Structure formats: C-alpha cells, structure tokens
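Q: Using only what follows, build the 3D model:
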Amino acid sequence: MTWTQQVQGPVFRPGDSEFDEETSGFQTAYKHRPAYVVAATGADDVRAALAGADGLPVAVQATGHGRTLPLDGGVLISTRRMTGLRIDPGRRSAWIEAGVRWRQVITAAAEHGLAPLSGSSPEVGAVGYILGGGLGVLARRYGYAADHVSSIDLAAADGSLRHVTAGDDPDLFRELRGAGHGLGVVTAMEIGLVPVTRLYGGGLYVDGPHVPELLEAYRDWTVDLPDELTSSIALITYPDMAGVPELLRGRYAAHVRIAFAGPTAQGERLVAPLRAAVPLLRDTLGELPFTQSASIYNDPAWPHSYGGTNAMLRELDPAALRDIVELAGPGAPVPCIVQLNHLGGALARPPVVPNAVGHRDAAYLVRVLSVLGDPAAASRAHSRLLDALAPWTVGRSRNFLFGQPWADQAGAVVSGTA
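A: Predicted structure coming up:
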C-alpha cells in the first residue's frame, strides 16, 4: 500500500480537476505548486502525509491568509476540512482543529456568553493565527492568543502523534506557541475563552489633511489608557470603486479602530479627547455584540495579492510619525496601507506559562502592506519605511510578515499557517 492510499481524504496531483482549487487561498500573490496535495480530514491524514513526504518540503494551509514562501514540489497539507470544534463552557475553553476559522469559534462561544481572542478578520484560520502569537480585538486586556493555549495536538516530523502540554514537555510547548517552524504540524489545540459578550467599539474616520494632527493626538491619548481599551489606526488611500463608502472613495483617510471591553459610558468618556482632537468624516462608535467585532475593522473578505512587513517600536517618536506619512502616505511610489497598533497592557506582561512570543517591550506596532502590482517597487517602499523606523524598532511581529518567511523553510516542516 502506498502512502497516498493510507490517507482517508482526497489526494490531488497536478492536472487533477480539483488541484487548483485546493492550492488556492486568500493570498493570491504566491501559488503553491506541490507534487501532492493532501486534503486532510484528521490527524492520521497529516501523519501519513508527513511520512509520505520522506524528506521533501512540506507546507500547511488552512485559509491561505498567512502564506509566505510558495511551495515548489513536495507535499501541501490542506487542513480546511479539519473543522472539529468543541466548546467547554465550564472550563471556558474551546478545542479547535487546524482548519477552523475564527467565525466558527466566535459563533459557538457566544452561545455560552464567551468569546475567543480572535483577530480583526473572522475568516482567518484560528490555529495559524495563534501559532504566530495572535494580536486580537481584546489584546491589551487579555494579551496574545498564544498566552491562552492549554494543549496542542501535534503530528511530529518523526511521524508520531503527540498531545503536548506545559506539564509533559514544557520546552516544546513553549516553542510551538510563537516560534513553530521545523517542529511538526499542529492538528488541533485547546484555547482559552473569555467572558465577553459586548463591546463599546467602532471607528472614527479622519480626512487626509488632518492625519498628521491625528497621529500626534493618538500618541498623547494612548499614554495612560486602561488595559480594557485596544485600538489602532489604519491609513488608507481608498479606491474609487463600488463597495467603498461614498464618503471615502478615492480619498486618503485615517480609520481609528476602537474596542473597549467595559461599560459604554466609560468608553464614551475615554474616547472623547480623541473624538474632539480633529474634524471627523464619520463616527461609528457604539455598543455592539462581540459577534460583530469584525465590523470594527472591515477587513476585505475577497482573495487578493498583497505583501507587507512590520516594525515593533519601543516608543512613538514624532519623527517616526512624520516618516509614516511621508514615506507611506499618498505620495508614496506605490499605494501603501499602514496600520498603527497600540500595544502594552497585558501584551507587555509575561504569560503564566512561558511561550516564544517576543518583543513584549514594544509599545506600538507599525504594519505596512501593499496590493502587489509591482512587488519589487512595493518591497522598496516598505524597506524605506522600516529603515526610517529602525532607531525605535525592537523586532518584528510574526503574524504580519506577508510574503516574508518566518525562517528559512527549505526542507522544513511548518507548524501551520492561517
């Protein structure tokens, strides 16, 4: 019996009718061209795929959001059929398989008055997101999603299936949460949930001429915020196209994203100084159920081609703010989307069980992304911004290296991608 006959799910080869669909994903800039695609239905299929690879390169894909290096030859393990999900309301936990998306967890947890530490997009694969750290909607209140993992099911590179916890293998458990590469394929994990049902949140939109003033006000505003308030600013040149609110079409504008895990009245008081700092184009702040938390960000849901990188900063110097607008604003050689995240709070505190998520001393995260029409030009523009931010940079966030690998993956087995 060949190794492909040991796989319960379908196995595709180039030329098969479903091969292209199985190798596609949310990120369209890079195309996997494996020799085999294993459409895994469970951990045993993943183990068989690793055994069949026999030294060939292996990649893992759930939704394709986190795709970095395209696979050429070897074995692609597609986990999108692995959608097992169990909620344990007594333990405030969820067991999730490798293909589960955040939307499934959010919906299931809400039935018990709970919420996961999910990110801005509900369509991202939950396991891959957590393996990179997981900077979510409630990040300053609860820390990284990787801080709240209690166990991991792993198909190890040697072909064994392991249940990994802090008690039985603390070193491996630490590395799987935030480092990951070369250790095997995560097939499932148990994650913590939090007792959150509603938020005060939404967005403030500011026109381009007021962006420099807004950034200065945001820096001052974030100095003494409570941990319950997580926020970011996106700087975007909005396309002039259907689907974009008419008020924003063709306009360079800032979108301030607010998520406050506290009473609405307190949220109103906390946001008031920022609301009054500059004229607003639009204000969508209000109380909303956590199940609608994705509306705070309005991330695109359609597959597209993009590349990007990031810098984690120890402080937000006025010179850094000027560089962001000058190098990645409307005058940039390629259109750039910049997001500035306020960190600190629980993100700065070491978790009870140590993990490999680094740079907890960073106070802010600057992310830059471009739709890839000219990848070389986009890379040069992004590099110029990172060079300008270098004096304040302490490192990179692994969740936001789009088109840039975490490490050299030649011949390696990866833990999983969103």
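Q: Can you tell me which helices and strands the lengthiest helix in the chain packs against?
A: Using DSSP state H to assign secondary structure, the helix with the most residues in the chain is helix 375-389. Helices and strands touching helix 375-389, by 3 or more Cβ pairs under 8 Å, 6 or more residues apart in numbering; DSSP states H and E, are strand 306-313, helix 318-328, strand 364-371. Where you see a C-beta, it was placed from the backbone N, CA and C, and this is true even at glycine.
Q: hey, where'd the helices end up in the stretch 101-250 of the chain?
A: Defined through DSSP state H, counting those that start in this stretch, the helices belonging to the stretch 101-250 of the chain, from first to last, are 102-110, 126-131, 139-142, 170-176, 211-221.
Q: quick one: average pLDDT of the second one?
A: Looking back up the chat, that one is helix 126-131. Model confidence over helix 126-131 averages 94 on the pLDDT scale.
Q: Just the CA atoms from that helix would do, formatted as CSV, please.
A: What follows is helix 126-131 as a C-alpha-only set of coordinates in CSV (Å, rounded to 0.1, in the frame of the first residue of the first chain):
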residue,chain,number,x,y,z
ALA,A,126,-7.5,30.2,14.1
VAL,A,127,-4.6,27.8,14.6
GLY,A,128,-2.2,29.5,12.3
TYR,A,129,-3.0,32.9,13.8
ILE,A,130,-2.3,31.6,17.3
LEU,A,131,1.0,30.0,16.3
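Q: check which helix or strand covers the closest residue to residue 348 other than its chain neighbours.
A: Once flanking residues are discounted, residue 348 sits nearest to residue 360: 5.1 Å by Cβ to Cβ, 6 or more residues apart in numbering. Remark: residue 360 resides in no helix or strand, with elements defined by DSSP states H and E.
Q: can you offset everything so residue one is 838?
A: That works, and once the first residue is 838, the last one we named lands at residue 1197.
Q: Check the burial of residue 1197 by counting its neighbours.
A: 18 (other Cβ atoms under 10 Å).
Q: where does the stretch 888-1037 of the chain dip in pLDDT?
A: 905, 1017-1018 (pLDDT under 70).
Q: repeat that for 90
A: By pLDDT under 90, the low-scoring segments of the stretch 888-1037 of the chain are 889-893, 900-908, 994-996, 1015-1020.
Q: for the stretch 1138-1255 of the chain, which spans come out with low pLDDT?
A: Within the stretch 1138-1255 of the chain, the segments meeting pLDDT under 90 span 1138-1139, 1141, 1209-1212, 1238-1255.
Q: quick one on the thing from earlier: to residue 875, which of the helices of the stretch 938-1087 of the chain lies closest?
A: Among the helices of the stretch 938-1087 of the chain, helix 963-968 comes nearest to residue 875, with 16.6 Å by Cβ to Cβ.
Q: How about residues contacting that closest one?
A: 897, 899-900, 902-903, 916, 933-935, 937-939, 942, 953, 955-956, 982-983, 986, 1013-1015, 1017, 1023, 1025-1026, 1028, 1236, 1252-1255 (Cβ atoms under 8 Å, 6 or more residues apart in numbering).
Q: Which members of those residues occur in strands, if any?
A: 897, 933-934, 986, 1023, 1025-1026, 1028 (DSSP state E).
Q: and the nearest residue to residue 957 once chain neighbours are set aside, how many neighbours?
A: Closest residue to residue 957 in three dimensions, ignoring its sequence neighbours and counting by Cβ to Cβ, 6+ apart: residue 1134, at 3.8 Å. When neighbours are defined as other Cβ under 10 Å, residue 1134 has 19 of them.
Q: Next one: residue 1134 from residue 1058, what distance?
A: According to Cβ to Cβ, to the nearest Å, residue 1134 and residue 1058 sit 19 Å apart.
Q: hmm, back to that, and the ones in strands among the contacts of helix 963-968 as TSV, adding neighbour count and distance to residue 920?
A: Conversion of the ones in strands among the contacts of helix 963-968 to TSV gives the following (neighbours: other Cβ atoms under 10 Å; distance: Cβ to Cβ, whole Å):
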residue	neighbour count	distance to residue 920
897	30	15
933	27	9
934	24	6
986	27	19
1023	28	15
1025	23	11
1026	26	14
1028	24	15
